[in-house]
Every structure is written in structure tokens, then in C-alpha cells.
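Peer 1: what follows is a predicted protein model with its sequence.
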Amino acid sequence: MLTTKQKADLGILFKIPNEIRLAYLRLKFAGDKVICPCCQSTFREFAPFSIWKKPNSWCVQCESLERHRALWMYLETKTDIYSKPLKLLHVAPEDMFFKRFEKEPNIEYYPADILPYLYRKGTKYLDLLSPDIPDNTFDVIICNHVFAYIEDDKTAMHNVYKMLKPGGWGILQVALDPTKAVTHEDLTITDPKERERIFGLNDHVRLYGLDYADKLKEAGFDVLIDDYTAEFSDEEIFKYGFWKGDPFYVVSKK
């Protein structure tokens, strides 16, 4: 799901309303070479994601990106999230997941964010630096592409750990550069253009490296790095519009 800012940027870029542009793109990319796992729509290919000009990236029906489609399939095929009663915390709740999770009869769904008005109605306020939620509350926590926005990510990770029940699990994704061993962070960089150049987005404060797993472990988690996309052929990678080599960081709490 695109953020409000990204949608605004795209609207400025094309100077036409987003829904009209989406309708045009659905016609432009009509076909059956790719399929979106999130909405089951088919296209000849996914549209480029204009902000970063990535090809085969953006579903112009449900607005999923690569990471959303991979996570959708991962949850269905690799987890028990839809098969037993559980309480789920979903931080920064992406729209396509919100719609599904709130309808699943086995899930007690708790969508939350520090800026809840940016998300669907029903999203609750939650500050990961000072959450007003008891420890050991949730069976599952999904928190994707959030920590890079938070200066004190160490505290945020530890608070996520505390909110997770013993025996619970979570998926905690971040923007990560697999060519870097160490996370690059410099809180003195405040200029938006410089942040975008160095960290990828103008409101990010770091770009994680391969030491991300160690950071999660320091917060208390057991960590499984699951390179899910390695199970797919190049043809399947194109068909579903995945990033290849973007593993899932699956955490658990003893």
C-alpha cells in the first residue's frame, strides 16, 4: 500500500487524480502474464513503481508492491496465521492486509500506528517508543518497514519484544542493503534530500545492513532468516512480481 505522501507525489508527477490514472494503467497493463497474490488480478506485467522507477513492481488494482505480495504468500504457505485463534498486532497496517485480517474469524486484529489517520478507519494509536499495551499481549506481530523511521530503534524493537507473548512470533521487515555488513546510521543528517540519497527515503534515518538480525537478537528475539524467494524460479519471480533475495526476518519469543 502506498503511503499518503507517495500517492501525493505520484499525483503531482502525473497531474491527474490517482483513481483515473489507476484505471488507465489497468487497461495499459491488461494481460495474463503476472498475477497478484493479494487481489488475484492479472496483467501483462506489473507497472513500474514511479518513485524508484522499478519495473514489474506495482499492482494497479490493490496497489501492492513486491514485499506485500511475497508476504501474502509467505503467510499463507509458511505460517499458521489463518488456522488457529490468535491476537495480531499489525504496525503501519498495509491496506490489503488490513482488509483480510479484519475479516478472518480466527484473528483478533489490532491495527496500529503513531499516525493512525494515515491508515484505514479502525487503526489505533501506538507509539513504539512508549506503547500503552501490557507485556505479553500478542500472539503475532507484523511490523514492516517501520524501524528506519524511528531514531531510537533499539527501544522500539525491545518494546515489540515485550508486547509479544512467550511462544509467539512475528515478521519484522526493514529496508536493508545486503551488500553492507553494518547498518549505516547518522542522526545528524536532517536534510530530506540528503536522507533520500543516503537512506533511500527522505524520512528514513538509517539503512540497515546484514547486522539487522543481531539487532533483533539484542532486543531478545530468536531470529530465523528465511530466504523465501529462493524457492521460486526466475519465471515465478516475474509472475508474482517479487524481489529476489529479500529474506523474511521471522522472530520468536521463548
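Peer 2: Here it is on my side, so go on. Just so you know, these numbers come straight off a predicted model, no measurement behind them.
Peer 1: so how far is L75 from the residue nearest to P131 when sequence neighbours are not counted?
Peer 2: In this structure, P131 finds its nearest non-sequential neighbour in N159, 5.4 Å apart by Cβ to Cβ, 6 or more residues apart in numbering. (Glycine included, C-beta is placed from N, CA and C.) Counting by Cβ to Cβ, to the nearest Å, the separation of N159 from L75 is 23 Å.
Peer 1: ok, now D139?
Peer 2: D139 sits 14 Å away from L75, taking Cβ to Cβ as the criterion.
Peer 1: go on, L126?
Peer 2: Relative to L75, and taking Cβ to Cβ, L126 is found at 21 Å.
Peer 1: so for the residue nearest to the spatial centre of the chain, what's the pLDDT?
Peer 2: By Cα atoms, centre = their mean, the chain has its centre lying nearest to N144, at 3.6 Å. Note on N144: pLDDT of 96.
Peer 1: so which strand or helix has the residue lying closest to it once chain neighbours are set aside?
Peer 2: Using Cβ to Cβ, 6+ apart and skipping residues adjacent in sequence, the residue nearest N144 is Q173, 4.2 Å away. Of the helices and strands defined by DSSP states H and E, none includes Q173.
Peer 1: what about Q173, how many residues nearby?
Peer 2: Neighbourhood size, Q173 [other Cβ atoms under 10 Å]: 21.
Peer 1: try L25
Peer 2: Neighbourhood size, L25 [other Cβ under 10 Å]: 19.
Peer 1: what sits against it?
Peer 2: Contacts for L25 (Cβ atoms under 8 Å, 6 or more residues apart in numbering) come out as 47, 60.
Peer 1: look at it and give its secondary structure.
Peer 2: Assigned with DSSP: H, G, I helix; E, B strand; the rest coil, L25 falls in the helix class.
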